[in-house]
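Enquirer: sequence plus the predicted model coming up.
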Amino acid sequence: MSIMEYNGGAIVAMAGKNCVAIGSDKRLGVQLMTVSTEFPKVFPATDKTFIGLPGLATDIRTLSERFRFKINMYKLSEEREIEPRTLAHMVSSTLYERRFGPYFVEPIIAGLDKNNQPFICGMDLIGCVNFAKDFVVGGSTTDSLFGVCESLWEPDLEPEDLFETISQSLLNAVDRDSLAGWGAVVHVVTPERVITRTLKTRMD
């Protein structure tokens, strides 16, 4: 088993028409043993940007605090919110600094830029960025998520349709992965607000 799959998890981000969505499961496990069913893996970076951290739970905790510090320092020094693309490069360089002893996390960033255009990207554990126009996935459920998202995603989805698409993708994928599940959280970011909903999944 890869160390990236030690704690399990599933994260997916999708782009829509002037909106983005990011969702994750809620399980924290040690291989096949479930430790918690309320473990956060998606964190707010700004009012319109979220960062998802699939991978090793200890590194998720460490990096979520480190990124929060760096985002706050950027806001203090620049006197403005950080843009999603700038955040992606900040996260990438933070990971690349530790390339010889990396954090075992593959971040996913989803948000709206200053023109309310959707931005999503994923990266590997040393910060190689993969920009996408449709969706990005991460965690131990990657293979299942790719298959379901390819089938369900369509261009220019409205917020409610995007929520339904990402929710169905996440629910169907975690059903096929014993290392993920126990509920899910989906955030849909629109120019006006952020809609956060909790999903019920199979509890076994």
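Expert: Looks like it arrived, so ask away.
Enquirer: hey, let's count contacts and neighbours off CA atoms from now on
Expert: Noted.
Enquirer: all strands for the chain, in order.
Expert: 10-15, 20-25, 28-30, 33-36, 42-46, 49-52, 108-112, 118-123, 129-132, 135-139, 184-189, 194-199 (DSSP state E).
Enquirer: just checking: what are the partner strands of the shortest one?
Expert: Paired neighbours of strand 28-30 in the sheet (DSSP bridges): strand 33-36 (antiparallel).
Enquirer: and the partner strand, which residues are buried?
Expert: Thr34 (16 or more other CA atoms under 10 Å).
Enquirer: how far does stretch 10-21 sit from its chain's centre?
Expert: 9 Å (CA atoms, centre = their mean, to the nearest Å).
Enquirer: I meant to write stretch 102-111 there.
Expert: With CA atoms, centre = their mean, you get 7 Å for stretch 102-111.
Enquirer: before we move on, what about stretch 28-37?
Expert: 19 Å.
Enquirer: now the residue nearest to the spatial centre of the chain: how far from Gly111?
Expert: Nearest residue to the geometric centre of the chain (CA atoms, centre = their mean): Gly52, 2.8 Å. From Gly52 over to Gly111 the distance is 11 Å, taken as CA to CA, to the nearest Å.
Enquirer: need the strands of the chain in TSV with distance to Phe67 and mean pLDDT, can you?
Expert: Shown next, in TSV, are the strands of the chain (distance: least, CA to CA, whole Å; pLDDT from 0 to 100):
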stretch	distance to Phe67	mean pLDDT
strand 10-15	18	94
strand 20-25	18	94
strand 28-30	21	89
strand 33-36	23	88
strand 42-46	8	94
strand 49-52	9	96
strand 108-112	12	95
strand 118-123	15	94
strand 129-132	16	93
strand 135-139	18	93
strand 184-189	19	95
strand 194-199	20	93
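Enquirer: make TSV out of those strands and add distance to Glu160.
Expert: Listed next are these as TSV, based on distance: least, CA to CA, whole Å:
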stretch	distance to Glu160
strand 10-15	12
strand 20-25	10
strand 28-30	28
strand 33-36	29
strand 42-46	20
strand 49-52	18
strand 108-112	16
strand 118-123	15
strand 129-132	21
strand 135-139	16
strand 184-189	9
strand 194-199	10
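Enquirer: what is the burial count for Ser151?
Expert: 11 (other CA atoms under 10 Å).
Enquirer: what do you get for Ala57?
Expert: Using other CA under 10 Å, Ala57 is surrounded by 23 other residues.
Enquirer: identify the residues contacting it.
Expert: 7, 28 (CA atoms under 8 Å, 6 or more residues apart in numbering).
Enquirer: good, wrapping up.
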